[in-house]
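[1] model this:
(one chain, ligands or ions: 3)
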Amino acid sequence: MTRLGLSDTIAAIATAPGSAGVGIVRVSGPEALSIADGVFRGRRRPSATRGGRFLFGQLVAGDGEVLDEGLCLVFRAPRSYTGEDVAELQTHGSPAVLGQVLARLLELGSRPARPGEFTQRAYLAGRLDLAQAEAVLGLVNAGTDTARRQASLGLSGALGERVERVAAHVTRTLAAIQALLDYPEEGVPEEDRDAPLTAAAAELEALVGTARAGQVATRGARLALIGPPNAGKSSLLNALLGFERSIVTPIPGTTRDYLEANLSLAGMPVTLVDTAGIRETEDTVEAAGVRQAVSLARSADLVLALEDGSLPREALPAELPGDARVLRVRTKSDLPAAWTDRGTLAVSAVTGEGLPELREAIHAALIGDAARGEAWLTTERQADAARRALSHVRAARLLSDELAGYELEEALRSLAELTGRDVGEDVVDAVFRNFCVGK
Ligand SMILES: Nc1nc2c(c(=O)[nH]1)N(C=O)[C@@H](CNc1ccc(C(=O)N[C@@H](CCC(=O)O)C(=O)O)cc1)CN2
Ligand SMILES: Nc1nc2c(ncn2[C@@H]2O[C@H](COP(=O)(O)OP(=O)(O)OP(=O)(O)O)[C@@H](O)[C@H]2O)c(=O)[nH]1
Ligand SMILES: [Mg+2]
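    Ligands and ions are numbered 1, 2, ... in the order given. As a prediction, this is how the structure comes out:
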């Protein structure tokens, strides 16, 4: 990795491939403006222009041929996205023009940017923390408004601030413990040692609790419909979708292969998975479907476990995952009930009764307590760091002062990792590898 101030000059097309009204090529680094001089011809040279200005002119190839007319935006270090000198060449959004402009910039001494390298430079210049850089990626990829909102909150630094609040509590406890160890006779009030730690644990628990919501918002959730044959799985899938996607018959064992259908549930992308009814069977094909159903239930974000409410109750399949990931549903509520149970949601695929409540329960199970206006953990890397910080804080609460100090230092290290103040190059490289070129 290049170090700040010693970096070379990078260039890339910043806009999406394909034709568009306008397209942008960016060049960033110490030579950015003099390199831009070689491709842009206007009333002034980019290198003779103050930062924050734009020039109108022509883009010219190496042999002097005019490629297009366009604008050159001039940014001067440190007042730019990357913190370096940056020139943006804004042309008509033609892949042919953009390709020629980029080729000329490379000829003049810049090199092609790696994926995410502009944002990586912004991070290395201290203009963004790692959670904010991840939010940039989240914004570029946001496919739903919930994902967009979370990424935008992350970019504003809201997640970093949440993490700093926790870190401040931990630091206070560490200071109190240090004082106790250094001057045991003076004593530190219990509140100084324990209260901040209790607050830190509570805030971290809330934060860790948002990881699931963050993941669901950014990459969607898979919901498996599971239950015995004829429970009404395919009918419920169709009812939630609003059209007949899956075959329904009165014959048990109708669904054999699993089937997926996408829908948006309260602004979140959800994939419903209809599966074969789970039962003991001699039929080789059906048995394969049953095994598939069980493994789909295990890998799903949430399982809807269906039981026919019009028939005597049987035990749920033993292979289902733990309670936290299962919503229990009593189907066919339009028929006389053979049993009831307050822990199940009653629905009818025929009348639609209970469907709004089911949608609500699915939303609650996926989003949990994550408050809408607060910043969530949106990547597995962030969630992992927050979970480690929480386990260190929890451990510290059970330990004597001396040992607690060590755990708290570890907790602070994990929190620093979350925002990227204390991470190795490999972690940073892994984050930016997921970006596209030009970002
Ligand atoms: N054309 C264009 N649009 C874009 C970007 C870009 O780089 N180019 N961005 C990114 O890809 C995003 C905007 N982000 C940016 C963040 C900071 C600065 C910047 O130059 N900041 C300086 C100057 C601020 C000022 O003049 O007030 C600074 O913070 O010092 C530019 C873009 C989205 N839209
Ligand atoms: N009255 C009533 N009948 C229902 C309801 N849901 C499903 N059924 C009927 O129950 C039978 C089985 O429905 P399916 O949706 O195929 O059940 P399944 O769980 O997908 O069954 P398999 O694919 O065989 O595992 C069909 O005859 C449906 O018409 C409901 O809400 N009310
Ligand atoms: Mg079925």
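
[2] mind giving me the domain ranges of the protein?
    Per the record, the chain has its domains at 3-128, 131-210+375-420, 217-370, by automatic domain parsing.

[3] Turn those domains into a markdown table, columns for mean neighbour count and distance to ligand 1.
    Any C-beta I mention is one placed from the backbone N, CA and C, and that applies to glycine too. Formatted as a markdown table, the domains of the chain follow (neighbours: other CB atoms under 10 Å; distance: least, CB to the nearest ligand atom, whole Å):
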| stretch | mean neighbour count | distance to ligand 1 |
| --- | --- | --- |
| domain 3-128 | 19 | 3 |
| domain 131-210+375-420 | 19 | 8 |
| domain 217-370 | 17 | 19 |
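
[4] looking at the ones you listed, which is closest to Asp426?
    Using CB to CB as the criterion, the shortest distance between Asp426 and the domains of the chain is 11.7 Å, found for domain 131-210+375-420.

[5] And that closest one, how far out from the chain middle?
    Its chain's C-alpha centre and that of domain 131-210+375-420 lie 19 Å apart, by CA atoms, centre = their mean, to the nearest Å.

[6] Same check on stretch 315-329?
    Here the centre of stretch 315-329 is set off from its chain's centre by 27 Å, with CA atoms, centre = their mean.

[7] near ligand 2 at all, it?
    No. In terms of CB under 6 Å from any ligand atom, no part of stretch 315-329 sits within range of ligand 2; the closest distance is 10.5 Å.

[8] Show residues contacting that stretch.
    226, 228, 236, 278, 294, 297-298, 300-307, 341, 343-347, 358, 361-362, 365 (CB atoms under 8 Å, 6 or more residues apart in numbering).

[9] So for stretch 155-173, mean pLDDT?
    Mean pLDDT, taken over the full extent of stretch 155-173, equals 94.

[10] quick one: Gly209 and Ala371 touch, right?
    No. Using CB atoms under 8 Å as the test, Gly209 is too far from Ala371 to be in contact (10.0 Å).

[11] I'd like to know which residues of this protein are adjacent to ligand 3.
    Proximity of the chain to ligand 3 (CB under 5 Å from the ion) is limited to residues Lys233, Ser234, Thr254, Thr255.

[12] Now pLDDT too, for those residues, in JSON lines please.
    Below are those laid out as JSON lines (pLDDT from 0 to 100):
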{"residue": "Lys233", "pLDDT": "98"}
{"residue": "Ser234", "pLDDT": "98"}
{"residue": "Thr254", "pLDDT": "96"}
{"residue": "Thr255", "pLDDT": "96"}
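
[13] Can you lay out these as CSV showing secondary structure and distance to Ala14?
    Written out in CSV, the entries for the residues of the chain next to ligand 3 read as follows (DSSP: H, G, I helix; E, B strand; the rest coil; distance: CB to CB, whole Å):
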residue, secondary structure, distance to Ala14
Lys233, helix, 47
Ser234, helix, 46
Thr254, coil, 51
Thr255, coil, 47
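
[14] contacting residues around Asp194?
    Applying CB under 8 Å, 6+ apart as the definition, the contact partners of Asp194 turn out to be Thr173, Arg397.

[15] Check the gap between it and Leu223 for me.
    From Asp194 across to Leu223, the span is 41 Å (CB to CB, to the nearest Å).

[16] Do a quick rundown of the strands in the protein.
    Remark: strands of the chain, listed N- to C-terminal, are 10-13, 20-28, 40-42, 53-60, 66-75, 86-93, 111-112, 221-226, 259-265, 268-274, 302-308, 326-331, 345-346; assignment by DSSP state E.

[17] quick check: longest helix of the chain.
    If each helix of the chain is counted by residues according to DSSP state H, the longest one is helix 158-182.

[18] Low-confidence ranges, this structure, go.
    Low-confidence regions of the chain, defined here as pLDDT under 70, cover residues 1-6, 187-188, 322-324.

[19] Gly220: what's its closest spatial neighbour, skipping adjacent residues?
    The shortest distance from Gly220 to any residue other than its chain neighbours is 3.5 Å, reached at Pro269 (CB to CB, 6 or more residues apart in numbering).

[20] And the one you found, how far from ligand 2?
    Using CB to the nearest ligand atom, to the nearest Å, Pro269 is found at 23 Å from ligand 2.

[21] ditto for Arg245
    Look at Arg245 and ligand 2: by CB to the nearest ligand atom, they are 11 Å apart.

[22] Any idea what the closest residue to that residue other than its chain neighbours is bridged to?
    When the adjacent residues along the chain are set aside, Arg245 lies closest to Ala261, with 5.1 Å between them (CB to CB, 6+ apart). Per DSSP bridges, residues listed as beta-bridge partners of Ala261: Leu272.

[23] how far away is Ala261 from ligand 3?
    The gap separating Ala261 from ligand 3 is 13 Å, by CB to the ion, to the nearest Å.

[24] Now that that residue has come up, it's in contact with Pro269, right?
    No. Applying CB under 8 Å as the test, Ala261 and Pro269 come out as separate, 11.8 Å apart.

[25] Quick check: residues of the protein near ligand 2?
    Proximity of the chain to ligand 2, by CB under 6 Å from any ligand atom, involves residues 227, 229-235, 248-250, 252-255, 276-277, 331-332, 334-335, 348-350.

[26] Of those, which belong to helices?
    Secondary-structure check on those using DSSP H: residues within helices are Lys233, Ser234, Ser235.

[27] who are the neighbours in contact with the last one?
    This means Ser235. With contacts defined as CB under 8 Å, 6+ apart, the neighbours of Ser235 are Val248, Thr331, Ala349, Val350.

[28] which one is the last one nearest to, not counting chain neighbours?
    Going back to what we said before, that points to Val350. Closest residue in space to Val350, ignoring its immediate chain neighbours: Asp334 at 5.1 Å, by CB to CB, 6+ apart.

[29] In the stretch 101-250 of the chain, what residue lies closest to ligand 3?
    In the stretch 101-250 of the chain, no residue comes nearer to ligand 3 than Ser234, which is 3.2 Å away by CB to the ion.

[30] and the gap between that residue and Ile247?
    Distance of Ser234 to Ile247, computed by CB to CB: 6 Å.

[31] Which residues are in contact with each of those two?
    Taking CB under 8 Å, 6+ apart as the criterion, Ser234 and Ile247 both touch Thr254, Thr255.

[32] how long is stretch 368-380 from one end to the other?
    Terminal residues of stretch 368-380 lie 17 Å apart, using CA to CA, to the nearest Å.

[33] Residues in contact with it: which ones?
    Contacts of stretch 368-380 from elsewhere in the structure, counted by CB under 8 Å, 6+ apart, are 134-135, 138, 149-151, 153-154, 158-159, 161-162, 206-215, 217-218, 383, 386.
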